[in-house]
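Participant: Quick one, structure for this:
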Amino acid sequence: MKTTSKKGATGLVYSSEHGRICPGCNRPVASCGCKAMAKAPQGDGIVRVGRQTKGRKGSGVTTVSGLLLGAEQLRDLAGQLKKKCGAGGAVKDGVIEIQGEHRDQLVETLEKLGYTVKRAGG
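Facilitator: Numbering: from 1, shown residues only. Presented below is the predicted three-dimensional model:
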């Protein structure tokens, strides 16, 4: 059985025999009863930066999704990105929204912070 653990973290996070392992109870996610996995962010590790205007009366926002961070860290990163762009924004449902068109600047900033970033949409 091959196992992999996160750097700096204690405990098993993946087993080739069972798949993802719950960080709360250290059992396979399929048989997890502690609901810790529902709180853990999910994703493929790629941050996607896109633009959205739907439902905003033509005003566009730049969205940053796919960040595997907790709520507090996400809020802190959103504040840092808003300052970098000189614009307002918010965090909604785990997605950072920055007012205006700032995709190029956000991609560059996130890459400097060590994230794998892709431009999403057209």
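Participant: nearest spatial neighbour of I98, skipping sequence neighbours?
Facilitator: Nearest residue to I98, sequence neighbours excluded (C-beta to C-beta, 6 or more residues apart in numbering): G89, at 4.1 Å. Glycine gets a C-beta too; all of them are placed from N, C-alpha and C.
Participant: For the one you found, what are phi and psi?
Facilitator: phi 170, psi -170 (degrees, to the nearest 10).
Participant: Same check on R48?
Facilitator: phi -110, psi 130.
Participant: residues contacting the nearest residue to it once chain neighbours are set aside?
Facilitator: Excluding its sequence neighbours, the residue lying closest to R48 (C-beta to C-beta, 6+ apart) is A120, at 4.0 Å. A120 makes contact with 48-50, 63, 65, according to C-beta atoms under 8 Å, 6 or more residues apart in numbering.
Participant: if I look at A120, how far off is L113?
Facilitator: A120 sits 18 Å away from L113, going by C-beta to C-beta, to the nearest Å.
Participant: okay, now the residue nearest to I98: neighbour count?
Facilitator: 20 (other C-beta atoms under 10 Å).
Participant: Over to K118?
Facilitator: With other C-beta under 10 Å as criterion, K118 counts 11.
Participant: Roughly how far does it sit from V107?
Facilitator: 8 Å.
Participant: same check, this time on L113
Facilitator: 11 Å.
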